[in-house]
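> Quick one, fold the following:
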Amino acid sequence: MLERYEVLVKAKSEKAGRTGLDEGSAAILDEFLAHGRAVRAERERAKQARTTPDFTKLIRQWGGVTIAYRKGMNQSPAYTRNHEEIIKAFEEGIYYAEGLDPKEARVDKNGQVVALVTRRLRPDENGKWMETGEEVVIPTRAILVATGARPNVAYEFEHKGHFLKERGHYQTYHDVNGKLEPIPVAEHCKMDDFGPFTSYGADDRRVSFLGDTHPVFHGSVVKAVASGLRTYPKIVAALGDRVDQKGDAKEYRHFRSTMDELLAGRVESVRRLTPSVVELTVHAPLAAKRFKPGQFFRLQNFETRSALVDGTRLQTEALAMTGARVDSAQGTVSLMVIERGASSRLVALLKPGEPVALMGPTGVRATIPDGGETILFIGGRHGVAHVQSTGKALRDKGNHVLFVGCFDTARDVFCVDEIEAAADAVLWITGSGDPIKPRRPQDRAITAPVVDAIAQYAAGKLGEVPIRLEDVTRLQVVGSNRLVRLIRDARAKQLAPYLTKKPATTASINTPMQCCLKGVCSQCLQWQIDPATGKRTKAVFSCSWQDQPLDVVDLDNLDERLSQNRVQEHLTNQWLDFLLERHNIARV
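Next up, the predicted model:
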C-alpha cells in the first residue's frame, strides 16, 4: 500500500491520494503508511547486517497478536487436536492469554475498535473456571472471533433425504464386502476405521465426506487435509476390482469433453449497458440448467489468464452476481455487473472465449406464489437483475408485478425491454434530471426522492394507478443498504396509509461475500434482531439466506460490514485508474 500510495502521489498529488476518504479512513491510511515505512526500514537494516528481517519485533511494537481464550491453553482445540499449532503460533510471536472472557468491544468516534474488554477467569479447586471480578482491557485495532465449529450439513438442508444424520452430523458408514454398514463416530482422527462414507447407497453408488463435513475431521485445517489422505485408500478399496480395469480411451475423451462443456464457464459476450453497468454473458450449460429465479452465482477470472501490468495481476476477487437471465437451450447465463470496486470494473476487460470460474447457482431461490398475489419490487441497479428472472416467474404463475426502478438519472436506466417483460407496470424514478419517458400506457415516471415518488404514485398524483399499493401482498427490496433502510422506515410512515395489507417484506442483503459456499468462510455473516426489542438474536450466513425478512435484519450491522476495508478499496480503485490510463488499456 505504501509503494502504490507513493506512486499515486507522485503521478497526481497528495490530495488526490486522499480524496474521498473520511477522517477515520484517513487515520487508518496514515497508520498503514507508517507501518509500511517501518517494514521498509527493517528490510534495509537486515540487508546491511546480512540477516533476516525481524518482523515479529515490529508487530509486537504495534500491539502484537494475542489469542484471548476463556479456559487454559491445554484445553483449547488447537492444543487437544494438534498441539503443534500452539508451538508454531509461539514461533510466529503470537501471545496466548488464558482465562479471559470477552465482554465488550470499545470503539472510537469513527466506529473503529480500540479495545477488547474481558473478565479474568481462574480455575477453582475442581478445575471449573470462575470469574474473579477483575476486568482486563486489551488495546486492539482488530478483533477476529472464532465462533467454534460444527460439521457442515448444508447440503442436506437443501436436498433432504439424501443422507442420514446423527446428532447434527452425517452418520458415518464403512464399506464391508461391498455393503454399507453404520459405524459409531471414531474417538480420534487417527483411528483406522473412522467411517468415510455417508448412508447413500442408491444403485450401489457411494458418497464419501471429508473435512468440515465429517464429525471426526471437522474444525481443523490440518485434519481436513489429513481426511483426504485417510479417505483415499477407503475409496479405492470400495471400488474393488474396478480399480485395475483399463478404460476405453475414446470413451474417456468423450466423457472429459462433455464434462468440460457442461461445467467450464467461458465468456460469451461483454456488453456495456450504461457508464457503470456491464452485461456479462457466460456459456455454462449446467449452471443455466440448474438456475432458479432469485439465486446467484460466484464469478471470478483465473489468475493464470489475468494480465500482469506493472507487477499488478489484474485478477478479480470473488464477485457475487445475481442471475438476471438464463437460456437453457443455449446454455448461457447473463449477469449484470455493477461497476463499483476494482474487481467489478475488471469484468469489462474479459474477452469472448476466455475461461472464467462461475460457481453456482447458489443461495435460496425466490418464493413464487401459485397465483393471485400482487408483488411490489423496489430496486435500483441490482433490482434490475433480480426482477428480470423473478418477475417473469411470478407473472407466469398468474401473479401481478409492480416494479419501482430507482436510478440516479435517466442515463443510468438499462434493460428496459426485459423489465417491461417482467413487470405488469413500472414506476420509473430518477433522482435528478428529466424523468424517464415511459413506453407503455400503464407505466409512470417521476424525478423525486424515492419515498416521495412512491407516495405520489400511490395517491394518484401521477395519473390513474395501474396497480394499487393497497393490493400489494408481498414487498421485495433489492438495492443498496441505504435504499433498504429507506423502505423499512417508510412502511411505518409515508407509505403506511397505502400498504394496508401489511405485505410480507423481504430484502436482498448484499453483505460482503467471499466463498459463497454456505457456512464456510463466514465473510457474509449478518446479524438478525428481534423486531420488538431491537436486540440481536442470531447471526446467519447471507450466502445461504440472501433474501431475508426485512424486519429482522440488523441494518446498522450491515452498514458497518459494508464499510470494512474501504481504505484498501479506495486505493485499489485509484491504482486501477492509474494502470489503465498509463497503459491506455481500453475496457468495453
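> What is the burial count for the closest residue to Gln442 other than its chain neighbours?
Spatial nearest neighbour of Gln442, excluding adjacent residues (Cβ to Cβ, 6 or more residues apart in numbering): Pro466 at 4.1 Å. From N, CA and C alone the C-beta is placed, and that goes for glycine too. Other residues within reach of Pro466, judged by other Cβ atoms under 10 Å, total 17.
> Distance check, Pro466 against Trp428.
For Pro466, the distance to Trp428 equals 13 Å [Cβ to Cβ, to the nearest Å].
> Common neighbours of the two, please.
Common contacts of Pro466 and Trp428 (Cβ atoms under 8 Å, 6 or more residues apart in numbering): 443-444.
> re earlier: contacts only, for the residue nearest to Gln442.
Per Cβ under 8 Å, 6+ apart, neighbours of Pro466: 402, 424-425, 442-444.
> Pro435 now?
By Cβ under 8 Å, 6+ apart, the contact list for Pro435 reads 410, 428, 445-447.
> Confirm Gly63 sits in a helix?
No. Under DSSP: H, G, I helix; E, B strand; the rest coil, Gly63 sits outside any helix and is assigned coil.
> Show the model's pLDDT score for the residue of the chain most remote from its centre.
The C-alpha centroid of the chain is most remote from Glu125, which lies 46.1 Å away (Cα atoms, centre = their mean). For Glu125, the pLDDT comes out at 92.
> ok, now Thr147?
Taking Thr147 on its own, its pLDDT is 67.
> Then the one 4 residues further on?
In the predicted model, Pro151 carries a pLDDT score of 85.
> and if you look at Gly383?
94.
> can you count the residues close to it?
Neighbourhood size, Gly383 [other Cβ under 10 Å]: 28.
> State the distance from it to Phe407.
Plainly put, Gly383 is 10 Å away from Phe407 if you go by Cβ to Cβ.
> circling back to that earlier point, is the residue farthest from the centre of the chain located within a strand, as I assumed?
No. Going by three-state DSSP, the assignment for Glu125 is coil, not a strand.
> Centroid-nearest residue for this structure?
The centre of the chain sits closest to Met513, judged by Cα atoms, centre = their mean, with a distance of 1.6 Å.
> would that one count as being in a strand?
No. Using three-state DSSP, the assignment for Met513 is coil, not a strand.
> From what I see, it and Ser544 are in contact.
No. Using Cβ atoms under 8 Å, Met513 makes no contact with Ser544, being 10.8 Å away.
> circling back to that earlier point, ok, now which ones touch the residue nearest to the centre of the chain?
Contacts for Met513 (Cβ under 8 Å, 6+ apart) come out as 298, 318, 320, 523-524, 542-543.
> and the two most separated of those?
The span of these, defined through Cβ to Cβ, is set by Ala318 and Ser542 at 13.9 Å.
> if I read this right, Asp193 contacts Ala186, doesn't it?
Yes. Using Cβ under 8 Å, Asp193 is in contact with Ala186, at 6.8 Å.
> and these two? which has more neighbours close in?
Taking other Cβ under 10 Å, Asp193 and Ala186 do not tie; Ala186 has more neighbours (17 against 12).
> That one: helix or strand, and which one exactly?
Counting by DSSP states H and E, no helix or strand carries Ala186.
> just Gly383 next, same as before
Here Gly383 is assigned to helix 381-396, by DSSP H and E.
> If you count contacts, what does that helix end up packed against?
With contacts taken as 3 or more Cβ pairs under 8 Å, 6 or more residues apart in numbering; DSSP states H and E, helix 381-396 sits against strand 319-327, strand 332-338, strand 374-379, strand 400-407, helix 416-422, strand 474-478.
> I'd like those as a markdown table, with mean pLDDT and mean neighbour count appended.
Below are the helices and strands packed on helix 381-396 laid out as a markdown table (pLDDT from 0 to 100; neighbours: other Cβ atoms under 10 Å):
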| stretch | mean pLDDT | mean neighbour count |
| --- | --- | --- |
| strand 319-327 | 93 | 22 |
| strand 332-338 | 96 | 23 |
| strand 374-379 | 97 | 25 |
| strand 400-407 | 97 | 24 |
| helix 416-422 | 96 | 17 |
| strand 474-478 | 97 | 25 |
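> hmm, back to that, from the contacts of Pro435, which is closest to Met73?
The closest of these to Met73 turns out to be Trp428 (Cβ to Cβ; 61.6 Å).
> wait, doesn't the closest one sit right on Ile436?
Yes. At 4.0 Å, Trp428 counts as touching Ile436 under the criterion of Cβ under 8 Å.
> Can you pull the residues that touch both of the two?
Here Trp428 and Ile436 have 407, 413, 445 as joint contacts, going by Cβ under 8 Å, 6+ apart.
> Tell me the spacing between the second one and Leu349.
Separation of Val413 from Leu349 (Cβ to Cβ): 25 Å.
> Now the helix or strand where Arg230 lies: buried residues?
Using DSSP H and E, Arg230 falls within helix 221-239. Judged by neighbour count using 16 or more other Cβ atoms under 10 Å, the buried positions of helix 221-239 are 223-224, 226-227, 230-231, 234, 238.
> Over to stretch 90-110?
Neighbour counts over stretch 90-110 (16+ other Cβ under 10 Å) mark 94, 96, 98-102 as buried.
> and the residues you listed, which two are the farthest apart?
Farthest apart among those by Cβ to Cβ are Ile94 and Asp101. That separation is 19.5 Å.
> residue ranges of the helices in the stretch 201-350 of the chain, please?
Using DSSP state H, counting those that start in this stretch, the helices found in the stretch 201-350 of the chain span residues 221-239, 249-263, 285-290, 342-346.
> nearest to Asp327, of those helices?
Per Cβ to Cβ, nearest to Asp327 of the helices of the stretch 201-350 of the chain: helix 285-290, 6.4 Å.
> quick one: secondary structure of the residue nearest to Thr132 when sequence neighbours are not counted?
Take Thr132 and drop its neighbours on the chain: the residue closest to it by Cβ to Cβ, 6+ apart is Arg120, 4.6 Å away. What three-state DSSP gives for Arg120 is strand.
> For burial, what's the neighbour tally of Arg120?
By the criterion of other Cβ under 10 Å, Arg120 has 16 neighbours.
> I'd like to know the beta-bridge partner residues of it.
Note on Arg120: beta-bridge partners Leu100, judged by DSSP bridges.
> That one and Leu495: what is the separation?
With distances taken as Cβ to Cβ, Arg120 is found 51 Å from Leu495.
> How about Met321?
Per Cβ to Cβ, Met321 is found 30 Å from Leu495.
> Likewise for Gly363?
28 Å.
> what inclination does the helix or strand encompassing Arg482 have with respect to helix 381-396?
If you go by DSSP H and E, Arg482 is part of helix 481-490. With axes from the mean of the first three to the mean of the last three Cα atoms, to 10 degrees defining the directions, helix 481-490 sits at 60 degrees from helix 381-396.
> helices or strands up against helix 481-490?
Counting by 3+ Cβ pairs under 8 Å, 6+ apart, the packing neighbours recorded for helix 481-490 are strand 374-379, helix 450-458, strand 474-478, strand 504-508, helix 555-562.
> I figured Leu2 was touching Leu33, is that so?
Yes. Under the criterion of Cβ under 8 Å, Leu2 makes contact with Leu33 at 5.4 Å.
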